[in-house]
Structure formats: C-alpha cells, structure tokens
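In: got a predicted structure here, sequence first:
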Amino acid sequence: MIAVAPTSTLADLAPEWERLQLLGYCLSQSRQGREIPEPELKRLQPQWVHAEPGNWAKVVPLAEDVQFLANLTHHSDMNINLGSTMSLDFGMHDKPVVNVAFDMSNPPIFGMPVYDYYYCYEHFQPVLALGATRIARSPEQLAEHVNAYLENPALDREGRRRLVDLQIDVPLGESSRRIVAVLESLAASRKGAPVHVGC
C-alpha cells in the first residue's frame, strides 16, 4: 500500500524505545511465553492535504489515507492510542483498544498529567463510561492490558458495541442508501424545481 514505508525491525527502533521506555517493554511483555512472530513495525506518513498549515480543522485526508485507515482498523489485532477518537474507528471493527494515560516525563509535557489533559474531554467521556477501552495508568498496566486483549480479544466487546451504537446512528454500510433516500425526498418535494443541496 502506498501509505506504508519500508518495514523497520525491532533492532532499528531500540534506541527510540529506550528513550520512550514504553513500546519495547510492552511488546516484550506481551510476547513472553507465546509463539508470536516478531511484530512488524511500519513507519507511516499520511498523505493529508493541509489547506492551512498548522490548522488541524483544515486538514483533508486523501482517498489513500481513508483506504489505509479502513484496512488498518480491519486487519489490526488491537490499537494503542492516547485518548484518540481512533478508539471509535477500531471499535467499529470490534478491535480492542488500550488508551495510554501515564506520563513519560516530569514535569508532564502539558503542565498537567496526561490523564487529566486527554481523558477529561467531554467527547471522550462515553468511551470511559461505557468501558469501551482499557486505560493504562502505568507501563505495567499497558503490558497487562495488551496481554489480556491478545489472550482474549472479546474482552470489553459489549462496551465497544455500545459506543458504536451511541455514536453511529445509521447502521454501518447503509449511509449511501440513506443519503440517496434524503435526496430523492428533497427532489420529490420540490416537484420539478431545481434542487440545491449544500452546506
């Protein structure tokens, strides 16, 4: 796929992992006692169009980005993120998600703990309330949650399902049909008058 750069090996990334003190620990803990092949790690660079550099409200993904995200959410075993709405994207494919909620530096980067910064946003409250993800408050908890999900991906399935039901009011795969029905209804109500559909 175009969005995927050449695969890196764990050895190539070891210095970075030592700096972060996290990812290598998590992967090594999740592999203990299991016949898991060495994971592939890929460096990805989205092809987004930045209509106004620095303004994230003006970033537009290309078709390749959307295709890559659809494949990533479908084929991954789980997702680890930092309070991201990706929790919903992966939940739509019934993929477990671990949210990282501990600080790697002192003082914290944002002047407050990561948990307080990311996990108090109103839009993330349903994720927490429904138990759609697991929150890792330490590197040890991150490894525990990853291990648990590798052992049983069905854990927290009900929370993921409830989050998707709450956030997605049209059944998956039926959006186009609903758009066509609305446009037909608008056209019929105008009885021959030109139909303008805009924002």
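Out: Yep, that arrived.
In: dump the residue contacts of the residue nearest to the spatial centre of the chain.
Out: When CA atoms, centre = their mean is applied to the chain, the residue found nearest the centroid is residue 86 (2.2 Å). Going by CB atoms under 8 Å, 6 or more residues apart in numbering, residue 86 touches 73, 79, 97. To be clear about C-beta, it is placed using only N, CA and C from the backbone, and glycine gets the same treatment.
In: residue 121 now?
Out: When contacts are counted by CB under 8 Å, 6+ apart, residue 121 touches residue 83.
In: the longest helix along the chain: how far from the chain's middle?
Out: Ranked by residue count and defined by DSSP state H, the top helix of the chain is helix 175-190. Relative to its parent chain, helix 175-190 has a centroid offset of 32 Å by CA atoms, centre = their mean, to the nearest Å.
In: same question for stretch 152-169.
Out: Centre-to-centre, stretch 152-169 and its host chain are 14 Å apart (CA atoms, centre = their mean).
In: swap in stretch 86-100?
Out: Centroid displacement of stretch 86-100 relative to its chain, using CA atoms, centre = their mean, is 5 Å.
In: what average pLDDT does it get?
Out: Average pLDDT, stretch 86-100: 93.
In: again, but for stretch 180-188
Out: Average pLDDT, stretch 180-188: 87.
In: in that stretch, what counts as buried?
Out: Under the neighbour-count criterion of 16 or more other CB atoms under 10 Å, stretch 180-188 has nothing buried.
In: can I get the longest helix of the chain in CSV, CA atoms only?
Out: Taking C-alpha atoms only, helix 175-190 is exported to CSV below (Å, rounded to 0.1, in the frame of the first residue of the first chain):
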residue,chain,number,x,y,z
SER,A,175,-25.1,5.6,4.8
SER,A,176,-25.2,5.8,1.0
ARG,A,177,-28.7,4.4,0.9
ARG,A,178,-29.9,6.9,3.5
ILE,A,179,-28.3,9.8,1.5
VAL,A,180,-30.0,8.7,-1.7
ALA,A,181,-33.3,8.5,0.1
VAL,A,182,-33.0,12.0,1.5
LEU,A,183,-32.0,13.4,-1.9
GLU,A,184,-35.0,11.7,-3.5
SER,A,185,-37.3,13.1,-0.9
LEU,A,186,-35.9,16.6,-1.4
ALA,A,187,-36.3,16.2,-5.2
ALA,A,188,-39.9,14.9,-4.8
SER,A,189,-40.9,17.8,-2.5
ARG,A,190,-39.6,20.4,-5.0
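In: same for that helix, what does it pack against?
Out: On a contact count with 3 or more CB pairs under 8 Å, 6 or more residues apart in numbering; DSSP states H and E, helix 175-190 meets no helix or strand.
In: just to revisit the earlier point, who wins for neighbours among the contacts of residue 86?
Out: If you count neighbours using other CB atoms under 10 Å, the busiest of these is residue 97, which has 27 neighbours.
In: now it. Nearest residue, chain neighbours left out?
Out: Excluding its sequence neighbours, the residue lying closest to residue 97 (CB to CB, 6 or more residues apart in numbering) is residue 133, at 4.2 Å.
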